[in-house]
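Participant: here is my input, please return the structure:
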Amino acid sequence: YAPVTDLINAVQYSISGMSPAAFHTGSLLFHLLNILLVFRFIVLLSGRQTIALIASLFFGIHPIMVESVAWASGSSTLYSTAFFLASLIAYLYYLNKNSKRDLALSIVFFILAMLSKAIAVMLPVVLLLIHHYKDRKITKKSAVELSVFFVLSIIIGIYSIMARDESGVTDRFSSYSFLQRIVFASYGFIMYLVKLIVPVNLSAFYPYPVKSNEVIPLFYYIFPVLFLLLAGLAIYSLRSSRKVFFGVAFFAATLFTVSQIFPVGGTVMADRYIYLSSVGIFYLAGE
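Facilitator: Residues are numbered from 1 along each chain as shown. Model (predicted):
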């Protein structure tokens, strides 16, 4: 359910018809906008322009971004990310200035992000991570404000799931057991990190390693162990700094809804799924 994406595409169509060049230009412009938004978000988060410059540079030129920018049908990722980052920026302004206008803007951008692509429903979790990173306690006032984001997330999330189920998107891929989906999710999480560090063998299609009625090779069971080790290291890092935990948690939270714990599409992973999530890792690269 993505009416904002449909609306933006309809506006582009009304201006330029089915011109491929026009749609590709629109995608490129949104990617350039997202680079600027990543820069501003990291500046407000860390207070250091050097970190923001490195993070936004990696975000702008990394090969794994090609699918999201070059594939016209993947434009929903670009739109949703723009509104998602704008919401985070407005919320950081709100934390700094305590302006109700900034809070209202953050909520509006959040709604637009979710109505562009349902992956944005994880934004309230990122807001909690920001509170933790900034060492801001959750007061009664902030709990009420955050609850607005969570309620909106639940409402639109449920509606999106219902719309997806009605379309039959998940029926073909929901026959994997829960344990298998945990293995696939862990595999995807680790491989996304690997491809961010060493972007080779990128593909438009990453098939499941086995069919739903087959046994997963033992090799794949190492990935849940690697995931737990990485999570443990991120938690352990809190003894000295909150930076590593924030970057890894941002990555994991924004990737959760497309991690194949809940079946999405016919591939075990997709480059476009990491477009927004990569911001957490690129932030760490800047650090």
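
Participant: quick check: H132 is in a helix.
Facilitator: Yes - using DSSP: H, G, I helix; E, B strand; the rest coil, the assignment for H132 is a helix.

Participant: could you report the distance from it to A249?
Facilitator: 8 Å (C-beta to C-beta, to the nearest Å). The way it works is simple: take the backbone N, C-alpha and C, and place the C-beta from them, glycine included.

Participant: neighbour count winner among those two?
Facilitator: Looking at H132 and A249 with other C-beta atoms under 10 Å, you find the greater number of neighbours at A249, namely 21 against 16.

Participant: any residues touching the host helix or strand of that one, and which ones?
Facilitator: Taking DSSP states H and E as the definition, A249 sits inside helix 243-255. Helix 243-255 is contacted by residues 119, 122, 125-126, 129, 132-133, 188-189, 192-193, 230-231, 233-235, 237-238, 273-274, 276-281, 283-284, 287 when judged by C-beta atoms under 8 Å, 6 or more residues apart in numbering.

Participant: ok, stretch 179-189 next?
Facilitator: In contact with stretch 179-189 (C-beta under 8 Å, 6+ apart) are residues 176, 208-209, 216, 220-221, 223-224, 226-227, 252, 255, 259-263, 268-269.

Participant: take those residues and keep only those in helices.
Facilitator: F223, P224, L226, F227, A252, L255 (DSSP state H).

Participant: can you read off the pLDDT for E166?
Facilitator: E166 carries a pLDDT value of 66.

Participant: of the ones in helices among the contacts of stretch 179-189, keep whichever come out buried.
Facilitator: By neighbour count, with 16 or more other C-beta atoms under 10 Å, the ones in helices among the contacts of stretch 179-189 hold F223, P224, F227, A252, L255 as buried.

Participant: for the helix or strand of the chain with the lowest mean pLDDT, packing partners?
Facilitator: For the chain, the helix or strand with the lowest mean confidence is helix 140-167, at a mean of 88 (criterion: mean pLDDT, DSSP states H and E). In terms of contacts (3 or more C-beta pairs under 8 Å, 6 or more residues apart in numbering; DSSP states H and E), helix 140-167 is packed against helix 100-114, helix 123-133.

Participant: which one is L44 nearest to, not counting chain neighbours?
Facilitator: Ranked by C-beta to C-beta, 6 or more residues apart in numbering and with sequence neighbours excluded, the top spatial neighbour of L44 is L92, at 4.1 Å.

Participant: hang on, the earlier thing: any chance of the buried ones among the ones in helices among the contacts of stretch 179-189 in a markdown table, with distance to F23 and pLDDT too?
Facilitator: Converted to a markdown table, those look like this (distance: C-beta to C-beta, whole Å; pLDDT from 0 to 100):
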| residue | distance to F23 | pLDDT |
| --- | --- | --- |
| F223 | 36 | 96 |
| P224 | 40 | 96 |
| F227 | 37 | 96 |
| A252 | 32 | 96 |
| L255 | 26 | 95 |
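
Participant: run the chain-centre distance for stretch 37-47.
Facilitator: From the chain centre to the centre of stretch 37-47 is a distance of 16 Å (C-alpha atoms, centre = their mean, to the nearest Å).

Participant: in the stretch 151-287 of the chain, which ranges drop under the pLDDT threshold?
Facilitator: The stretch 151-287 of the chain contains residues with pLDDT under 70 at 165-174.

Participant: repeat that with 90
Facilitator: Flagging of the stretch 151-287 of the chain using pLDDT under 90 yields the residue ranges 157-181, 207-217, 257-267, 287.
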